[in-house]
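Participant: structure, please.
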Amino acid sequence: MTLEIWDRVRLSEQEQIMGQDKRFGAPLSVAEPEAEDEFEPLDLSAQGEDGPAFPEDSHVAIVAPESNGGHRMLRRGYNYTDGNDSLDRLDAGLFFIALTRDPRTGFYPILERMTQKDALTEYLQHVGSALFAVPPGMREGDTMVGQRLFE
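Facilitator: Below you'll find the predicted structure:
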């Protein structure tokens, strides 16, 4: 993430780009957010004072299941800072892990929409580094992990 540039963006613009209140993490559809509003469900049809509460290119609007045929990911981000790069820019970003049933439908199409339409993309460089298959657990009668994949 190009944090030096992002940090110069006004707070109100950062919130519009993300689709969330920066202080509490609440969606922009919450009129006066408080700490407990972080996990309020998105209401992408919500209206604000000047029109839609969420810009259509906001990050949360782009990645929401409602915008992606209902496809969901269980995801978690981990911030990192690793000093400076060779150009003396801050080497920082978000290590992102996502679990989905099928990456062909639950991850790659969403990533493609992000790279094409997400306002946040101006401040990001997407780097995909690995894809892991996690086989299902064992059921009674199975003799190995992932047995149903090989039957």
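Participant: which parts of this protein are helices?
Facilitator: For the chain, the helices defined by DSSP state H cover 3-6, 11-18, 59-63, 103-106, 108-117, 147-150.
Participant: nearest residue to the middle of the protein?
Facilitator: Nearest to the geometric centre of the chain sits Val63, at 6.2 Å (CA atoms, centre = their mean).
Participant: if we can go back for a sec, can you say which of the helices of the chain is packed in most?
Facilitator: helix 59-63 (a mean of 21; mean count of other CB atoms under 10 Å). No exception for glycine: its C-beta is placed from N, CA and C like everyone else's.
Participant: as CSV, the helices of the chain with mean pLDDT and distance to Ser129 would be great.
Facilitator: Putting these into CSV (pLDDT from 0 to 100; distance: least, CB to CB, whole Å) gives the following:
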stretch, mean pLDDT, distance to Ser129
helix 3-6, 90, 20
helix 11-18, 96, 24
helix 59-63, 95, 19
helix 103-106, 91, 14
helix 108-117, 92, 13
helix 147-150, 80, 24
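Participant: count the neighbours of Leu28 for me.
Facilitator: 24 (other CB atoms under 10 Å).
Participant: do you know how far it is from Met18?
Facilitator: 9 Å (CB to CB, to the nearest Å).
Participant: look at Gly141 and report its pLDDT.
Facilitator: Note for Gly141: predicted pLDDT of 89.
Participant: cool, Glu151 as well?
Facilitator: 79.
Participant: relative to Thr143, how far out is it?
Facilitator: Taking CB to CB, one finds Glu151 at 11 Å from Thr143.
Participant: and what of Phe132?
Facilitator: Distance from Phe132 to Thr143, by CB to CB: 23 Å.
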